[in-house]
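>>> curious how this folds, go ahead:
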Amino acid sequence: MTLVALILLVLKISIILSVLAIGLKETFADATFLFRAPGHLARAILAMYVIMPIVALVIAYSFNLHPAVKIALVVLSVSPIPPILPNRAFKAGGKTNYTIGLLVATALLAIVFIPIILEVFERVTLIPLGITMNSIASRVLATIVVPLLLGILIRAFLPKIAERVARPLSLIGGGLLLLGFLPVLFGSLRAIWSLIGDGTVVSLAAFALIGILVGHLLGGPESEDRPVLALATSSRHPAIALAIANANFPDQKLDAPAVLLYLLLSTILAVPYLNWIKGKDARTAAEKKQVVA
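Below you'll find the predicted structure:
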């Protein structure tokens, strides 16, 4: 086994363990929440699978960008949320049922929406695009749906075991993710640096910030849901994004560094937004205490 194959295997195992750990704390009702809340589901679809693909096309055509950056914008705009997002969303005050429901719903809908949106992109850009539903389904099921449902089943039938192993699995998954991600990041630094310029950072940052804004505005009337959809709309599943890129542009070697650069930027740009949310929640809580007093 080559070093690259080993790193990819470590990353895949880390994601599966992290999602399994999340499932060990949740219920089937949480996983299916969005399918029973049509308003929430419609806003999520509008944000992630309608507005952001349009934004990606507009940015790609507005800047004289490297082709790899344009590819990254397009494939990220159709990818579902990353499996590790629930942990960030919970820290931002997100509700369990909405957060887990969003993870499951957007993952399952990606199987249908990604080929449709790529078909629309193909008609608009006249560039051949496409990926089979089976290819998307295999990745979605392997990295999100199956480990999450397995964790939920273990919790339902073996609650004591689920409670005992959830945190260790989460720590192991997080450790493996860091162990696998750092070599990929350091190995791509030169390629990432070669992409910086010609509006690349501005365009990727704009896409991330617009995603945060769109998700926040469409998060619905409950304040706890807005940061969850904001993070979901700006953060996308890198493995699925790269699978789409490789299926359509196998000779483009800089698409992975472009996706990595976006992941770094979106993570950094989310920090001030999350700090604002926490400050806002703290002020609201203080005002409620004053009213009660």
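>>> for Ala256, which non-adjacent residue is spatially closest?
Once its chain neighbours are removed from consideration, Ala256 has its nearest residue in Leu242; the separation is 5.8 Å (CB to CB, 6 or more residues apart in numbering). The way it works is simple: take the backbone N, C-alpha and C, and place the C-beta from them, glycine included.
>>> then Leu17?
Once its chain neighbours are removed from consideration, Leu17 has its nearest residue in Gly173; the separation is 3.4 Å (CB to CB, 6+ apart).
>>> which SS state does the one you found fall under?
Gly173 carries the three-state label helix when classified by DSSP: H, G, I helix; E, B strand; the rest coil.
>>> what residues of stretch 160-173 count as buried?
For stretch 160-173, the buried set under the neighbour-count rule, 16 or more other CB atoms under 10 Å, comprises 162, 165-166, 169-170, 172-173.
>>> so the residue nearest to Ala256 makes contact with Ala258?
No - the pair Leu242 / Ala258 is not scored as a contact, 9.9 Å apart, by CB atoms under 8 Å.
>>> ok, the two, which is more surrounded?
Between Leu242 and Ala258, Ala258 has the larger neighbour count (other CB atoms under 10 Å), namely 30 against 21.
>>> please name the residues that touch that one.
Under the criterion of CB atoms under 8 Å, 6 or more residues apart in numbering, the contact list for Ala258 reads 66, 68-69, 71-72, 192, 195, 200, 204.
>>> from these, which single one is nearest Val228?
Nearest to Val228 among those: Leu204, at 22.1 Å, using CB to CB.
>>> give the helix, strand or coil label for the closest one.
The three-state label for Leu204, taken from three-state DSSP, comes out as helix.
>>> for Ile59, see how far away it is.
Relative to Ile59, Leu204 is positioned 9 Å away (criterion: CB to CB, to the nearest Å).
>>> what does Phe28 give?
Applying CB to CB, the value for Phe28 to Ile59 is 39 Å.
>>> so those two - more neighbours on which side?
For Phe28 against Ile59, the residue with the higher neighbour count under other CB under 10 Å is Ile59, and the figures read 22 against 15.
>>> contacting residues around the closest residue in space to Tyr49 that isn't next to it in sequence?
Nearest-residue entry for Tyr49: Phe113, 4.7 Å, with adjacent residues in sequence omitted and distances by CB to CB, 6+ apart. Residues counted as contacts of Phe113 (CB under 8 Å, 6+ apart) are 45, 49, 78.
>>> if I look at the first one, how far off is Glu122?
From Ile45 over to Glu122 the distance is 21 Å, taken as CB to CB.
>>> next one: the last one
Between Val78 and Glu122 the distance is 12 Å, computed by CB to CB.
>>> what helix or strand is Ala166 located in?
Secondary structure here is read from DSSP states H and E; on that basis Ala166 sits in helix 159-195.
>>> avg pLDDT for that helix?
The predicted model assigns helix 159-195 a mean pLDDT of 89.
>>> what's the answer for stretch 39-59, then?
Averaging the model's pLDDT scores along stretch 39-59 yields 95.
>>> what's the end-to-end length of that stretch?
Taking CA to CA, to the nearest Å, the first and last residues of stretch 39-59 lie 29 Å apart.
>>> what does stretch 33-44 give?
Using CA to CA, the gap from the first to the last residue of stretch 33-44 comes to 13 Å.
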